[in-house]
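# Sequence and predicted model, in that order:
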Amino acid sequence: MKLSKLLLSGLLFLISVAVSNSQVGQRTDTLLHSWNFSKANWLKNTVSDRSKKIKFEAQFLPTFNSSGQFILSGKHGLFNDSVLPTSLPKNQISAEATVTINEGQQWGSIMGYAQDNGSYERGWILGYNEDSFLFWVSTGGPLIQATSRVKFAIGRKYHVAGTYDGSKVKIYVNGKLSGQANASGPIAYPKKAHYTVGIYKDDDESYPMKGSVHSAMLHTAAIKPSEILDISNKLGLTPIKFSVQPSLRFISSDEARITWTSSSIKEMSVHFGKSRSLGSIVKAQKIGAQYFADLPNLQPDTEYFYKLVETGRGRSGPTHDFNTNLNFSLPGVSAIVNDSINQRAKQIINRAGCKKGYCLVIGSDDADLLIELARNSNFSVISVQSDDGKINSLRDKLYRSGVQGSRVNVLRVDDLKGKIPLTSCMINLLISFDRKEDEEIKRVLVPGRGRAIFISENDRIYARPKLPGSGDWTHQYGDAGNTTSTKENLAGATGTHEFTIQWLGRPGADFGIDRNPRMPAPLSAGGRLFHQGMNRLVALDAHNGSVLWSIEAPDLRRVNIPRDCGNWCADNENLYVAIKDMAWIFDSETGQRLQTIRVPGEPVAETDFEWGYIGKITDTLIGSGTQANTSYKSFWSGKMWYDGKGGDVGTQQVCSDFIFGYSLKEPEAKLAWRYAKGVILNPTISCADGYLYFVETRNPKIQLQENRRISDKSLWLDQFLVCLDAENGKLIWEKPIDTEDGLITFYLQATKEQLILTASNSKFHIYTFNAKTGESGWSKSSNWADDHHSGHMQHPVVTSDKLYLQPNGYDLATGEILTTKMGKREGCHTYVGAGDALLYRGKARQISMWSKETESVTSWPRLRPSCWLNTIPASGMILIPEGGGGCSCGGWMETSLGFIPRKHLTDTGAE
């Protein structure tokens with residue numbers, strides 16, 4: 001019996017190798033070693049290469065997923081200590097593998113034979129870092145490394161190949177050349193090393209992989225690019241081509257819907273489960289080119305994984321994840337429908353034109369109405385009553401209907417026409433049956449969006465106006481001019497003691513990534529607050545914190561914003577989000593995606609472009625074309641703090657090849673213009689008064705360079721400051737400029753009259769220009785207040801007549817220093833203009849306010865901001881969606897919250 005099993009296992013191994021070799025068409029004349037790590041090829045804890053001369057004996061029990069793929073948990077790897085360097089390729093080499101990475105790391109190895117101890121660097125490794133694949137070779141001197149431009153997606157299968165032909169080290173990803181470096185000479189090996197798969201291991205270090213190595217091969221020659229492409233194609237690893245990238249929404253408390261658009265002619269399905277092994281399958285439905293699939297019976301507070309798959313032996317997408325603890329759906333209403341009351345509830349809701357947030361009912365003790373209001377909306381419904389008998393009766397019926405406490409609450413008041421026991425600016429819809437319009441009703445309504453309907457007055461509607469002096473934060477730095485301020489005046493408040501908490505709650509720290517990677521700023525417009533997390537975004541009511549809608553988008557993430565630009569903007573009606581090569585336009589209230597707009601590339605282009613800058617100027621949506629995989633997405637490891645100095649990882653500027661405008665005057669956006677002349681620095685793109693400004697380099701070396709994440713010194717040569725008409729793209733003026741190199745940061749800000757350019761290298765250098773002509777104005781340089789925790793990369797604040805850049809305040813017209821006593825910063829957050837004050841991370845690293853007039857500082861204890869910008873003045877408030885999660889330097893409260901000036905609590909007048 002044992003002999004039969006052994007023969008069967010050996011037969012399966014030979015068949016597997018034969019099939020593998022025939023599938024990929026690999027050449028055998030140079031093939032030295034070849035492993036297939038699928039379950040059928042293991043004998044207990046041992047797997048051999050096809051020649052059976054070299055084997056890996058696992059020091060652990062091998063585990064496999066449902067497809068029989070070998071899983072590496074991050075605790076172990078495979079290594080063989082008997083392989084001598086004399087048996088390995090010397091003058092040329094190719095290492096290739098089919099691999100899935102589940103977590104990046106600084107010293108990731110797929111396969112290799114290497115020793116790296118300080119200056120002693122020998123051997124070779126096909127590996128990966130936090131976000132890219134790499135192949136490095138030693139020829140006796142410093143390591144020579146080729147790093148892929150392609151950033152790997154977690155959970156996705158790749159064919160990766162590294163080659164060295166005696167003159168170039170190259171890395172290929174899924175058949176395409178993705179990086180190279182010059183080299184010469186034979187490979188320099190260590191005297192002894194571990195031959196490894198799925199782990200970096202030398203004499204004193206060990207870094208196991210989290211992921212899967214499906215197969216690995218070593219060649220004694222540099223295989224040809226055409227052969228590598230052929231191997232990748234036959235492996236079927238060409239990814240699914242999405243017209244619109246996948247996104248996920250929770251549609252009930254236990255169900256999520258995934259939508260995407262693809263030109264695939266095959267049926268598609270979603271594979272999902274509680275681990276990367278997946279296990280459950282839902283067939284996708286298709287309407288036109290759009291697919292959708294509903295994932296049922298999701299458990300609360302549970303992490304799930306999913307991927308999209310074509311039927312048969314078709315292609316699949318990367319594996320994504322989501323967590324149901326971020327499902328903000330309200331509980332459903334299961335009570336029996338009262339048809340007549342149901343129709344009346346619909347009438348009231350439709351008449352008011354709002355159905356999310358909080359609904360207050362005054363003057364009715366009809367439990368069925370409260371239930372039907374909840375059923376037909378996303379309201380949390382509140383009823384106020386003054387009679388204890390009615391209160392008890394209502395609560396009893398609501399409890400038996402399953403909505404008491406979860407969707408409907410009953411509060412006691414002394415007088416139905418007296419004071420309402422709720423905070424100001426809280427209620428989205430107030431339904432009054434017999435109480436007349438009064439100041440108390442106005443007080444509790446949400447400013448700008450709140451509605452009251454008076455049933456006794458033939459369903460008359462009252463709409464509360466915005467708070468006096470309120471403003472919007474519509475772009476990354478407040479407005480399209482990057483001023484880091486808005487027109488919000490906060491009712492004149494300049495100290496924390498002049499505010500009170502309006503709301504606190506969701507989302508919490510689990511919504512985001514970490515405080516460090518310098519994510520896009522939140523936005524606020526039309527009384528709504530928008531916040532980004534880990535590949536997800538949420539829309540909240542700015543005045544009461546209720547969740548309006550949320551969406552998970554695996555391709556949303558963008559970090560290291562100081563070297564790039566924001567990936568979204570907003571106006572009163574819509575939210576505009578850059579995702580991959582498109583802008584998604586959402587209805588701000590409902591979250592419905594209204595349309596998608598694509599980056600306008602060349603008719604025939606070898607380069608894939610993604611949507612870089614995004615800004616809304618009157619009726620034009622501005623965008624820029626950035627080469628794919630240029631924007632920063634990595635956040636794992638200390639390097640991804642992005643606090644380095646010139647030349648360090650993360651100081652490279654993200655640049656675009658062209659800029660364009662879509663007209664939004666019609667329901668369907670239309671391309672209005674496209675400008676392409678130089679290489680545009682994304683952090684300089686700014687708009688004011690209908691004009692678009694940016695800095696571009698026309699240096700030939702930079703224009704020919706493949707990479708658009710640039711630190712080359714030629715970036716600072718042949719620079720031009722350019723002004724275009726934002727509506728039609730017409731060139732208004734251009735001026736050659738020569739400033740200090742922005743080796744750390746390089747910002748441009750725009751007002752109607754003036755442009756401000758700030759370069760940081762060893763200090764701050766400020767330059768001003770006339771916005772109408774481009775003529776130079778005043779310039780100043782100032783020392784950094786500190787050279788860490790963002791002190792060397794602060795974004796200036798521009799107000800109507802002043803500029804603030806730590807530690808100085810300047811007269812914007814003359815450059816005269818007006819103060820040297822800006823509130824001292826003690827953390828990474830940049831300064832924000834907030835009416836007559838500045839917001840920042842100040843005393844004891846708390847959120848602080850500095851009064852421009854008195855130069856005094858006040859703070860909120862135990863509250864910290866993110867490490868770039870998450871504290872914004874807008875909608876009459878200070879809004880702070882949670883961004884400090886992961887901080888180890890204090891006992892911070894990790895919650896989202898909103899502060900409102902005390903003066904606004906009783907002010908119900910119009911603007």
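That came through, no problem.
# Can you show me the strands along the stretch 151-300 of the chain?
For the stretch 151-300 of the chain, the strands defined by DSSP state E, counting those that start in this stretch cover 157-164, 168-173, 176-182, 195-197, 199-201, 206-208, 210-219, 242-252, 255-262, 268-273, 280-283, 285-287, 290-295.
# With distance to residue 543 added, can I get these in TSV?
C-betas here are computed from N, CA, C, even on glycine. Below are the strands of the stretch 151-300 of the chain laid out as TSV (distance: least, Cβ to Cβ, whole Å):
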stretch	distance to residue 543
strand 157-164	47
strand 168-173	48
strand 176-182	48
strand 195-197	56
strand 199-201	52
strand 206-208	49
strand 210-219	43
strand 242-252	24
strand 255-262	28
strand 268-273	37
strand 280-283	38
strand 285-287	37
strand 290-295	33
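# any idea of the pLDDT on residue 623?
If you check residue 623, the pLDDT there is 98.
# As a markdown table, the strands of the stretch 151-300 of the chain with distance to residue 651 and mean pLDDT would be great.
Shown next, in a markdown table, are these (distance: least, Cβ to Cβ, whole Å; pLDDT from 0 to 100):
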| stretch | distance to residue 651 | mean pLDDT |
| --- | --- | --- |
| strand 157-164 | 27 | 96 |
| strand 168-173 | 23 | 96 |
| strand 176-182 | 19 | 92 |
| strand 195-197 | 32 | 94 |
| strand 199-201 | 26 | 92 |
| strand 206-208 | 25 | 93 |
| strand 210-219 | 28 | 94 |
| strand 242-252 | 29 | 95 |
| strand 255-262 | 35 | 96 |
| strand 268-273 | 39 | 95 |
| strand 280-283 | 44 | 95 |
| strand 285-287 | 45 | 93 |
| strand 290-295 | 41 | 96 |
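# And those: which comes nearest residue 377?
strand 242-252 (14.6 Å; Cβ to Cβ).
# export the closest one as CSV, just CAs?
C-alpha atoms of strand 242-252 as CSV (Å, rounded to 0.1, in the frame of the first residue of the first chain):
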residue,chain,number,x,y,z
PHE,A,242,-11.2,46.9,-16.3
SER,A,243,-13.0,49.8,-18.0
VAL,A,244,-13.9,51.0,-14.5
GLN,A,245,-12.1,49.6,-11.5
PRO,A,246,-14.0,47.5,-8.9
SER,A,247,-15.6,49.1,-5.8
LEU,A,248,-17.6,47.8,-2.9
ARG,A,249,-20.6,49.2,-1.0
PHE,A,250,-22.4,47.7,1.9
ILE,A,251,-26.1,47.6,1.0
SER,A,252,-27.4,46.2,4.2
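# Tabulate the strands of the stretch 151-300 of the chain (a markdown table), appending distance to residue 789 and mean neighbour count.
Output for the strands of the stretch 151-300 of the chain, formatted as a markdown table (distance: least, Cβ to Cβ, whole Å; neighbours: other Cβ atoms under 10 Å):
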| stretch | distance to residue 789 | mean neighbour count |
| --- | --- | --- |
| strand 157-164 | 36 | 27 |
| strand 168-173 | 35 | 23 |
| strand 176-182 | 32 | 17 |
| strand 195-197 | 38 | 26 |
| strand 199-201 | 31 | 24 |
| strand 206-208 | 28 | 17 |
| strand 210-219 | 30 | 24 |
| strand 242-252 | 35 | 19 |
| strand 255-262 | 39 | 19 |
| strand 268-273 | 41 | 20 |
| strand 280-283 | 45 | 13 |
| strand 285-287 | 50 | 12 |
| strand 290-295 | 42 | 18 |
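# closest to residue 350 out of the ones you listed?
Closest to residue 350 of those is strand 242-252 (Cβ to Cβ; 21.4 Å).
# Show me what that closest one is packed against.
For strand 242-252, the elements it packs on are strand 255-262, strand 320-323, strand 547-552, judged by 3 or more Cβ pairs under 8 Å, 6 or more residues apart in numbering; DSSP states H and E.
# Which one of those strands lies nearest to residue 777?
strand 547-552 (43.5 Å).
# average model confidence for that closest one?
98.
# Next: stretch 422-437.
pLDDT averaged over stretch 422-437 gives 97.
# Can you give the distance of it from its chain's centre?
The chain centroid and the centroid of stretch 422-437 are separated by 37 Å under Cα atoms, centre = their mean, to the nearest Å.
# where does the stretch 301-450 of the chain have low pLDDT?
Within the stretch 301-450 of the chain, the stretches with pLDDT under 70 are 313-314.
# Please apply the same query to the stretch 1-150 of the chain.
For the stretch 1-150 of the chain, the stretches with pLDDT under 70 are 1-28.
# Next up, identify which helix or strand the closest residue in space to residue 766 that isn't next to it in sequence is on.
Spatial nearest neighbour of residue 766, excluding adjacent residues (Cβ to Cβ, 6 or more residues apart in numbering): residue 780 at 4.9 Å. Assessed by DSSP states H and E, residue 780 sits inside strand 776-782.
# Under a three-state scheme, what state does the residue nearest in space to the middle of the chain occupy?
Nearest to the centroid of the C-alpha atoms of the chain, with distances taken as Cα atoms, centre = their mean, sits residue 557, at 2.2 Å. Under DSSP: H, G, I helix; E, B strand; the rest coil, residue 557 falls in the coil class.
# didn't it look like it was pressed against residue 633?
Yes: using Cβ atoms under 8 Å, residue 557 is in contact with residue 633, at 5.1 Å.
# Now for the residue nearest to residue 587 when sequence neighbours are not counted: which residues touch it?
Nearest residue to residue 587, sequence neighbours excluded (Cβ to Cβ, 6+ apart): residue 594, at 5.8 Å. Counting by Cβ atoms under 8 Å, 6 or more residues apart in numbering, residue 594 touches 574, 585-587.
# same question, residue 411
Residue 411 makes contacts with 382-385, 421, as judged by Cβ under 8 Å, 6+ apart.
# Give the helix, strand or coil label for it.
strand.
# Against residue 402, how distant is it?
As judged by Cβ to Cβ, to the nearest Å, residue 411 and residue 402 stand 20 Å apart.
# just for the stretch 751-900 of the chain, where's the confidence low?
Along the stretch 751-900 of the chain, the parts satisfying pLDDT under 70 run over 890.
# Nothing else from me, thank you.
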